[in-house]
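1. Quick one: sequence plus predicted model below, questions after.
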Amino acid sequence: MDGHDDWIDTGFTPAAGVQFQQSSAMLGIWARKADRNAVAPVGTVTGTSVSLNPRGATDANAGRLNGSAVTSGGSVASGYGFTAIDRSGAAVVRQFIGGVQKGENGNAPAAARSTARVGIGRANGVAADGQYCAFVAGGSLSAAQHGVLHDALQGYMDALGVMPLPVAVAKARSAAAWTSLPDGSAPIVAGRGMAVTGLTRDLAGRWYVGNGRTTRHPLLFSRMSPDLAAIEAEFDLTRLGLSVDMAGSCQGMTLDRSDGSLWIVVKLSGASGSDSHLLHFDPATDTMAAPPVLLSAGTNGVAWDPHADCLWMLRDSSELVACDRSGAILSASTPMPANSDQ
């Protein structure tokens, strides 16, 4: 699952379970993803009464089963392998990791079974990335039975050569070359070149430079020649036909190759000056392709994904989310390094 628009419908509905009952139930998943999940990758597609997260944002292995109470298996260093949650009574839920009980909640009142299907890679309307090799659901098992189930799955996975997914590692890159830019009409410091808070290129090879700053300003971005030597046009509120409320700070630009348009994030916008908006610009006509779209405050970067046909947006809270062209969020958040910007 890529974490934004594909997921597995297990076809299993807790309320329709035969062995899976309100006070006697079990659900488990074998995950290849060792890294953290910002949200539970397994659970009912709406609601949270059934959910399972092998490794959460704080390293907790936890879940819910026919109720609102969370049961934790404690902190883990990896989400890889088999995790199961088991309700053995009206108030008792246990958490198993690798076939061994690692946690128990004796104050977890059972609630009516959900009528929503269980999804893998999508829970409570939010997508999560990862790869999953086995899913089980049924009645409560004893500790010994959990061990037998795990060992059987382990032997099968070993025979297939199943391994953990590699964990993403951040890398630092150094600049190989640089180009001096002209001031334009509104440099922050004269003689130091225009502000650059976003950069993209249209299908004609012309560059677009976001002219953001720490305070609101009517100039949002400039278009440069293909060699970056000359300013071809500056785009302020008047030229774009935008209201004074859209004065802000351009914080990211990207080319949508499906139609040649540009997507632009403007921060410090709105009547209060604390909003973020998504602009859709048509380079062929030098006009706005649609009215501005209000985004979550603190959005400060955007990139078009040609494979998933979506927009990835960065936030001040150092997280990355996938969105559609209306700004609606499609995925769970992916943690980013501190102070990630544009």
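-> Sure thing, it's come through.
2. Which parts of the stretch 201-342 of the chain are strands?
-> Ranges of strands within the stretch 201-342 of the chain are 207-210, 219-224, 231-236, 249-256, 261-269, 275-282, 287-295, 299-305, 310-315, 319-323, 334-335, based on DSSP state E, counting those that start in this stretch.
3. where exactly do the helices run in the stretch 51-200 of the chain?
-> 143-160 (DSSP state H, counting those that start in this stretch).
4. domain parsing for this protein?
-> Domain assignment of the chain by automatic domain parsing yields the ranges 8-160, 199-335.
5. Select, out of those, the one closest to Ala176.
-> Ala176 sits nearest to domain 199-335 of all the domains of the chain, at 15.3 Å, using CB to CB. C-betas here are computed from N, CA, C, even on glycine.
6. Do me a favour and get the end-to-end distance for the closest one?
-> Distance across domain 199-335, first residue to last, is 23 Å (CA to CA, to the nearest Å).
7. try stretch 275-292
-> 12 Å.
8. rewinding a little: mean pLDDT, distance to Pro187 and mean neighbour count added to the domains of the chain, as a markdown table?
-> Listed next are the domains of the chain as a markdown table, based on pLDDT from 0 to 100; distance: least, CB to CB, whole Å; neighbours: other CB atoms under 10 Å:
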| stretch | mean pLDDT | distance to Pro187 | mean neighbour count |
| --- | --- | --- | --- |
| domain 8-160 | 95 | 39 | 19 |
| domain 199-335 | 92 | 9 | 18 |
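9. hang on, the earlier thing: ok, which of the strands of the stretch 201-342 of the chain comes nearest Gly130?
-> Ranking the strands of the stretch 201-342 of the chain by distance to Gly130, with CB to CB as the measure, places strand 334-335 first at 11.7 Å.
10. what does the closest one contact?
-> Applying CB atoms under 8 Å, 6 or more residues apart in numbering, the external contacts of strand 334-335 come out as Gly3, Arg36, Ala38, Ala57, Asp129, Ser318, Glu319, Leu320, Val321.
11. now swap in stretch 117-126 and tell me
-> If you take CB under 8 Å, 6+ apart as the criterion, stretch 117-126 is touched by 1, 3, 6-14, 27, 29, 39-48, 50-51, 127-130, 132, 135, 137, 329, 331-332.
12. re earlier: same list (the domains of the chain) but as CSV, adding distance to Asp183.
-> Shown next, in CSV, are the domains of the chain (distance: least, CB to CB, whole Å):
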stretch, distance to Asp183
domain 8-160, 42
domain 199-335, 9
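13. out of these, nearest to Thr179?
-> Across these, Thr179 has its closest neighbour in domain 199-335 (5.1 Å, CB to CB).
14. How far off centre is that closest one?
-> Domain 199-335 sits 19 Å away from the centroid of its parent chain (CA atoms, centre = their mean, to the nearest Å).
15. now swap in stretch 9-27 and tell me
-> Stretch 9-27 sits 28 Å away from the centroid of its parent chain (CA atoms, centre = their mean).
16. if we can go back for a sec, out of the strands of the stretch 201-342 of the chain, which is closest to Ser75?
-> Comparing these by their distance to Ser75 (CB to CB), the top pick is strand 334-335, with 16.6 Å.
17. Fine by me, thanks again.
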